[in-house]
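J.: Need coordinates for the below:
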Amino acid sequence: MKKPSAGLQILKAEFFAALAHPVRIRLLEVLVAGGETSVQELQRGLDIDQPIVSQQLARLRASGIVRARKQGASTIYAVADPLIGDLLGLAKQILNRHLVGVKSLLRELADDRRR
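T.: This next block holds a predicted model:
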């Protein structure tokens, strides 16, 4: 098996670091589900202050995860690659499997306490 390069591992780590914020994940989920969206629509839809939305979108844009275009006075954002939706879906599946396992363990603990 070929050993992955350190440079590629660093790029992967930076990519996942760019995703590592709950607001950024929420923004991406909205963009994946709804397509191109303005900062104002994202702010209203998520009930998050505009400076926070803009800051998190800037981080995603700097990482190449979202792209932006001007439309009049508004900036419209979209995911840069549709595979981002697949990635979020896979993460959800992995977490669901993990949570099912945790739920099973909690049930076992509760059963043990009753005995």
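
J.: so what pLDDT did Arg115 get?
T.: On the pLDDT scale, Arg115 is placed at 69.

J.: How about Lys103?
T.: Predicted confidence (pLDDT) at Lys103: the value is 74.

J.: Do a quick rundown of the strands in the chain.
T.: Using DSSP state E, the strands of the chain run over residues 37-38, 66-71, 74-79.

J.: any idea how the chain splits into domains?
T.: The chain is divided into the following domains under automatic domain parsing: 1-81, 82-115.

J.: For those domains, which has the smallest mean pLDDT value?
T.: Looking at those, the bottom one is domain 82-115 with a mean of 84.

J.: Can you give me the buried ones in that one?
T.: Within domain 82-115, the residues that count as buried by 16 or more other C-beta atoms under 10 Å are 84, 87-88. All C-beta atoms are positioned from the backbone trio N, CA, C, and that covers glycine.

J.: so of the domains of the chain, which one's packed in deepest?
T.: Across those, averaging neighbours per residue (mean count of other C-beta atoms under 10 Å) puts domain 1-81 on top, at a mean of 14.

J.: Can you get me the start-to-end distance on it?
T.: 29 Å (C-alpha to C-alpha, to the nearest Å).

J.: One more: stretch 74-92?
T.: First-to-last distance for stretch 74-92 - C-alpha to C-alpha - comes to 31 Å.

J.: cool, and stretch 34-54?
T.: Across its full length, stretch 34-54 reaches 18 Å between end residues, using C-alpha to C-alpha.

J.: List of residues touching it?
T.: 23, 26-27, 30-31, 57, 71, 74-78 (C-beta atoms under 8 Å, 6 or more residues apart in numbering).

J.: residue nearest the centroid of this structure?
T.: Relative to the mean C-alpha position of the chain, the nearest C-alpha, by C-alpha atoms, centre = their mean, is the one of Ile25, at 2.7 Å.

J.: got a list of what it touches?
T.: Applying C-beta under 8 Å, 6+ apart, we find Ile25 in contact with 19, 88.
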